[in-house]
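J.: take a look and give me a structure for this.
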Amino acid sequence: MLSKRLIVCLDVRNRKVTKGVKFQGNVDIGDPVEMAAQYYADGVDELVFYDITASAEGRPIDIGMVADVAKTVFIPFCVGGGISNLEDMRRALLAGAEKVSVNSLAVKTPEIIRDGARAFGNQCVVLGMDAIKRGVSDTFPSGYEVVVRGGRTATGLDMIEWAKRAEGLGAGEICLNSIDADGTREGYELTATRMVSEAVGIPVIASGGAGTVQHLADVLTQGRADAALVASMVHFMGFTCSGIKSGLASAGVPVRPVVRMRA
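T.: Numbers count the residues shown, from 1 in each chain. Below you'll find the predicted structure:
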């Protein structure tokens with residue numbers, strides 16, 4: 001089994017990291033560059049930054065923040081939010097990001113996945129996919145619908161059909177976030193994660209619901225995810241990246257060793 005990745009997500013609003021439950025009740029908790037340096041030093045494998053108000057405010061992602069992070073950490077990081085075209089992708093990658101996540105934009109304009117993959121390589125394009133449980137039907141044969149805008153807007157897209165289409169267009173990775181589990185700390189949505197992981201041949205990142213190391217172990221084994229994304233666990237709950245990885249290793253989940261040079 002290949003080593004599994006631990007990824008920390010930092011939602012950013014007005015240059016502050018913020019966190020809520022099911023995309024509501026957000027509280028600002030720190031500086032994104034400083035927190036990135038902290039998690040880097042503690043052994044996280046990758047970071048994800050979402051500029052959560054950029055799209056609503058009609059502005060591009062904070063490129064200054066992206067560049068500052070790139071100067072501070074020496075691991076892959078992905079950015080999303082405020083990406084509206086190929087040039088926005090280019091600017092983010094030139095500023096130092098390794099990957100760009102598209103979510104609502106990809107639903108509205110699926111060709112952005114294909115164009116981004118052709119211009120920068122499949123490995124640079126991540127499909128961010130928010131899913132909510134609907135029950136199996138002719139419309140949603142998987143039982144899950146893709147939603148956007150933090151779950152406020154339905155798309156009518158079936159989760160598995162959209163995942164397969166995105167892979168065909170050139171997405172190099174899928175970050176699957178469960179709206180039902182997001183911020184609850186009660187565990188990932190194992191069924192949805194496993195369904196997507198088994199339906200596509202590209203890496204799947206599980207997101208939404210982590211509260212214990214066992215939750216990560218479950219989604220990386222039972223859910224067959226390639227990586228697990230956490231936020232509340234390290235932001236609020238006293239967990240460390242190195243401690244989580246040590247716990248996963250003790251549970252028999254292969255993880256990358258923590259070896260860091262000072263930033």
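J.: can you tell me the closest non-neighbouring residue to the residue nearest to the spatial centre of the chain?
T.: Taking C-alpha atoms, centre = their mean, the centroid of the chain lies closest to Cys175, which sits 4.7 Å from it. Spatial nearest neighbour of Cys175, chain neighbours left out: Ile205 (4.2 Å); criterion: C-beta to C-beta, 6 or more residues apart in numbering. (Each C-beta comes from the backbone N, C-alpha and C, glycine too.)
J.: the one you found: what's it in contact with?
T.: Residues counted as contacts of Ile205 (C-beta atoms under 8 Å, 6 or more residues apart in numbering) are 5, 7, 126, 173-176, 225-229.
J.: rewinding a little: and the residue nearest to the centre of the chain, what pLDDT?
T.: What the model reports as pLDDT for Cys175 is 98.
J.: so how far is the helix or strand hosting it off the chain centroid?
T.: Applying DSSP states H and E as the criterion places Cys175 in strand 173-178. The chain centre lies 6 Å from the centre of strand 173-178; the measure is C-alpha atoms, centre = their mean, to the nearest Å.
J.: what helices or strands is whichever helix or strand comes after it leaning on?
T.: Following strand 173-178 in sequence order, the next helix or strand is helix 190-199 (DSSP H and E). Secondary-structure packing of helix 190-199 (3 or more C-beta pairs under 8 Å, 6 or more residues apart in numbering; DSSP states H and E): strand 125-133, helix 159-169, strand 173-178, strand 204-207, helix 213-221.
J.: CA-only coordinates of helix 190-199 in PDB, if you can.
T.: The C-alpha trace of helix 190-199 is given here as PDB (Å, rounded to 0.1, in the frame of the first residue of the first chain):
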ATOM      1  CA  LEU A 190     -17.100   6.600   4.400                       C
ATOM      2  CA  THR A 191     -19.700   5.400   1.900                       C
ATOM      3  CA  ALA A 192     -19.400   8.300  -0.400                       C
ATOM      4  CA  THR A 193     -15.600   8.300  -0.200                       C
ATOM      5  CA  ARG A 194     -15.300   4.700  -1.000                       C
ATOM      6  CA  MET A 195     -17.800   5.000  -3.900                       C
ATOM      7  CA  VAL A 196     -15.700   7.800  -5.500                       C
ATOM      8  CA  SER A 197     -12.400   6.100  -4.800                       C
ATOM      9  CA  GLU A 198     -13.600   2.900  -6.500                       C
ATOM     10  CA  ALA A 199     -15.100   4.800  -9.400                       C
END
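J.: now that helix: mean pLDDT?
T.: In this model, helix 190-199 has an average pLDDT of 98.
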